[in-house]
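Undergrad: What follows is a predicted protein model with its sequence.
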Amino acid sequence: MAKASTSGKKKTPVKKTNTPAAMDDAFALKSLQDALDKKKRFKPTKDQLLHFYEQMLLIRRFEEKAGQLYGLGLIGGFCHLYIGQEAVAIGLQSALDNDTDSVITGYRDHGHMLAYGIDPNVIMAELTGRAAGISKGKGGSMHMFSTEHKFYGGHGIVGAQVALGGGLALAHQYNEDGGLCLAYFGDGAANQGQVYETMNMAALWKLPMVFVVENNQYAMGTAVRRSSAETEFYRRGAAFRIPGMKVNGMDVLEVRQAAEIAFKHVREGNGPVLMECETYRYRGHSMSDPAKYRTREEVQDQREKNDPIERAKADLMKLKVKEDALKDIDKAIRATVAEAADFAEKSPEPEPSELYTDVLVEEY
């Protein structure tokens, strides 16, 4: 049977997207990136840069010591080191208001706690399961917590911390305390559905929240290009009208500059920001990971050409800081870390009765 002619029907016109409103939306989504591109790096004083350098070096030396203690059997369970990613935590958290802002992250959490200025002794004691640890030795490497410092973990469920971060941001908004929530997650967690549910709610309610993807390229052991259809993670907020920023996470001054721009946007009531910090971890996903999915040459190339601590050191040399002074800083930090290890080893383990505490918030 012959088909009916459709030549007389009017075609529905294609809706144009280059309207002023659409262009305004597109500009708004990339306006923060444009601001960063105009001024890529924070301009610190010599004292500020020295502080960033010291903090990054403390994380590096602490994590190296933690790796040694794990090898000796003094740290049990899983242990995820932050070596190589130091510039992200220091660059971002140095721009926070420690009296009001909150931080939440996944289980690669030692560096974030040190970036908050928490005592290395109690962090190392927690890693070794001692009563003097910040979670009384019951959290270990993956589940650290400090309400005093507004650090809300340390979470073992991949991506779950992002939804909890949405709750923290809602609390800041509800209490009108002026604070924001910094919620970290990795490239592996970036494909979890709860991340996008949280983005949608955060955008609808204009929650004071910065989503930070620490893209260390390999998640647990699968390269980004093999696991993610969209590898430019900073673009993923566009569906929720969340502006994105792509940042060199191996440069503490670029991270700090991005933080200045993003935090100002959030504090002015404009809603959340999605920031992707491209970084690189030198060790395996955890201490039990031999990292055979990449070559030694690749890791060595990152160390030689892109190390965040060496970059900060070069910047300090330009400010006429002498190498001997930097060696003295390293020596003092090594002593601090050694003291933390000694403190942990000499501290007692929790009493058996601690098994029954902190199970419920209140008694019923």
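TA: Sure thing, it's come through.
Undergrad: in terms of contact, does G271 touch A202 like I think?
TA: Yes. With contacts counted by Cβ atoms under 8 Å, G271 reaches A202, the gap being 6.9 Å. C-beta here means a position set from N, CA and C on the backbone, and glycine is covered the same way.
Undergrad: Report the set of residues contacting both of those two.
TA: Counting by Cβ atoms under 8 Å, 6 or more residues apart in numbering, the residues touching both G271 and A202 are I242.
Undergrad: More neighbours: which of these two?
TA: For G271 against A202, the residue with the higher neighbour count under other Cβ atoms under 10 Å is A202, and the figures read 29 against 20.
Undergrad: residues in contact with the more buried one?
TA: Contacts for A202 (Cβ under 8 Å, 6+ apart) come out as 166, 169, 209, 211, 240, 242, 271-272.
Undergrad: same thing but at 10 Å, please
TA: The contact partners of A202, taken as Cβ atoms under 10 Å, 6 or more residues apart in numbering, are 162, 165-166, 169-170, 173, 181, 183, 208-211, 237, 240, 242, 271-274.
Undergrad: In strands only, show me the residues you listed.
TA: Those of the contacts of A202 mapping onto strands are 181, 183, 209-211, 273-274, per DSSP state E.
Undergrad: can you redo those as a markdown table with pLDDT, distance to Q68 and neighbour count?
TA: Rendered in a markdown table, the data for the ones in strands among the contacts of A202 read as follows (pLDDT from 0 to 100; distance: Cβ to Cβ, whole Å; neighbours: other Cβ atoms under 10 Å):
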| residue | pLDDT | distance to Q68 | neighbour count |
| --- | --- | --- | --- |
| C181 | 98 | 34 | 29 |
| A183 | 98 | 31 | 27 |
| M209 | 98 | 37 | 31 |
| V210 | 98 | 34 | 26 |
| F211 | 98 | 34 | 30 |
| V273 | 98 | 38 | 27 |
| L274 | 98 | 36 | 29 |
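Undergrad: So what's the residue count around E362?
TA: In terms of burial, E362 registers 4 neighbours under the definition other Cβ under 10 Å.
Undergrad: how would you label it: helix, strand or coil?
TA: When states are read from DSSP: H, G, I helix; E, B strand; the rest coil, the local structure at E362 comes out as coil.
Undergrad: ok, now how distant is it from F145?
TA: If you measure E362 against F145 using Cβ to Cβ, to the nearest Å, the figure is 18 Å.
Undergrad: Next: T45.
TA: Here T45 is placed at a distance of 33 Å from F145 (Cβ to Cβ).
Undergrad: got it, and A332?
TA: A332 is 28 Å from F145, by Cβ to Cβ.
Undergrad: mind exporting stretch 179-186 as PDB, just the C-alpha atoms?
TA: Taking Å, rounded to 0.1, in the frame of the first residue of the first chain, the C-alpha atoms of stretch 179-186 are listed here in PDB:
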ATOM      1  CA  GLY A 179      30.200  28.400  56.300                       C
ATOM      2  CA  LEU A 180      30.600  26.100  53.300                       C
ATOM      3  CA  CYS A 181      31.300  22.400  52.900                       C
ATOM      4  CA  LEU A 182      34.300  21.100  51.000                       C
ATOM      5  CA  ALA A 183      33.400  17.600  49.800                       C
ATOM      6  CA  TYR A 184      36.200  15.600  48.200                       C
ATOM      7  CA  PHE A 185      35.800  12.500  46.100                       C
ATOM      8  CA  GLY A 186      38.000  10.700  43.500                       C
END
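Undergrad: Can you show me the helices along the chain?
TA: Counting by DSSP state H, the chain has these helices, from start to end: 20-38, 46-71, 86-93, 110-115, 120-127, 160-175, 193-205, 224-227, 252-267, 296-306, 308-318, 323-346.
Undergrad: Just name the most buried of these.
TA: For the helices of the chain, average neighbour numbers computed from mean count of other Cβ atoms under 10 Å are highest in helix 86-93, which has a mean of 29.
Undergrad: I'd like the average pLDDT over that helix.
TA: Within the predicted structure, the mean pLDDT of helix 86-93 is 98.
Undergrad: just stretch 191-205 next, same as before
TA: Averaging the model's pLDDT scores along stretch 191-205 yields 97.
Undergrad: Figure out how far it is from the centre of its chain.
TA: 17 Å (Cα atoms, centre = their mean, to the nearest Å).
Undergrad: what does stretch 146-155 give?
TA: Its chain's C-alpha centre lies 14 Å from the corresponding centre of stretch 146-155 when counted by Cα atoms, centre = their mean.
Undergrad: May I have the distance across stretch 279-298, first residue to last?
TA: 14 Å (Cα to Cα, to the nearest Å).
Undergrad: Begin at 281, not 1, for the rest of this chat.
TA: Renumbered: residue one is now 281, and that last one reads stretch 559-578.
Undergrad: quick one: buried residues of that stretch?
TA: Using 16 or more other Cβ atoms under 10 Å as the burial criterion, the residues of stretch 559-578 that qualify are 559-567, 571.
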